[in-house]
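K.L.:
turn this into a model:
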Amino acid sequence: MIEPQKLAALVARENEARPLDNPDMYDDFDDEYVEPEIEEEQPDELGLDDEITAEEIDDIAEMIEAGNGNPELMDLAEELAEAVDEEGEAMANPPAWAKSKAIWRKAKKAVDPSGKGAGKYSDPWATVAHVYKKMGGLVG
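P.N.:
Predicted coordinates:
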C-alpha cells in the first residue's frame with residue numbers, strides 16, 4: 001500500500017505534466033459566439049408527420065358522433081371538458097396524459113375547441129384528443 005504523502009506527491013507531479021488549464025488548447029476556438037441557424041419549422045420531438053387535414057378532422061368528429069370513438073380517449077376528453085374555464089379553455093393545457101406538448105398544441109389549434117370548433121363539433125375536446133392521437137401523440 002502506498003503512503004498518502006507519496007500518493008499526493010505522485011498526483012502533484014502528474015498534474016504538473018498535464019495541467020488542466022492549458023491556454024494553448026483554446027487557440028482553435030473563435031471568441032465570437034455565432035447563433036445557430038434554426039429552420040423555421042422544427043420537427044416535433046417524435047419525428048412524426050403530424051400534419052392533418054380539415055377533412056380528416058371532420059371524419060374524426062363524425063366517428064365520435066357515431067359513438068365509435070376510442071373509449072380511453074373519450075373518458076380522458078370528458079374529464080378535460082369538465083375542467084374548462086369561462087372562455088372554454090382547458091385548465092390543464094396540455095393535460096397530464098398528453099405526453100407531447102408540441103403535438104397537443106397543434107391538435108388543439110387544428111380543432112379550436114374554444115372557438116370555431118366549439119360550434120362545429122358535438123364534442124370538441126374529444127375531437128382534440130382523437131386528433132392528437134392521430135397526429136402521433138402519446139397518451140400515458
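K.L.:
rest of the way, CA atoms for contacts and neighbours
P.N.:
Fine.
K.L.:
and the helices in this protein, which stretches?
P.N.:
Using DSSP state H, the helices found in the chain span residues 4-17, 54-65, 71-82, 101-111, 116-120, 124-134.
K.L.:
most packed of the ones you listed?
P.N.:
Most buried of the helices of the chain, by mean neighbour count (mean count of other C-alpha atoms under 10 Å): helix 124-134, with a mean of 25.
K.L.:
list the helices and strands it packs on?
P.N.:
Helices and strands touching helix 124-134, by 3 or more C-alpha pairs under 8 Å, 6 or more residues apart in numbering; DSSP states H and E, are helix 54-65, helix 71-82, helix 101-111.
K.L.:
check which helices and strands the first one sits against.
P.N.:
Counting by 3+ C-alpha pairs under 8 Å, 6+ apart, the packing neighbours recorded for helix 54-65 are helix 124-134.
K.L.:
so, low pLDDT: which residues of the chain?
P.N.:
Scanning the chain for pLDDT under 70 picks out 13-50, 84-92.
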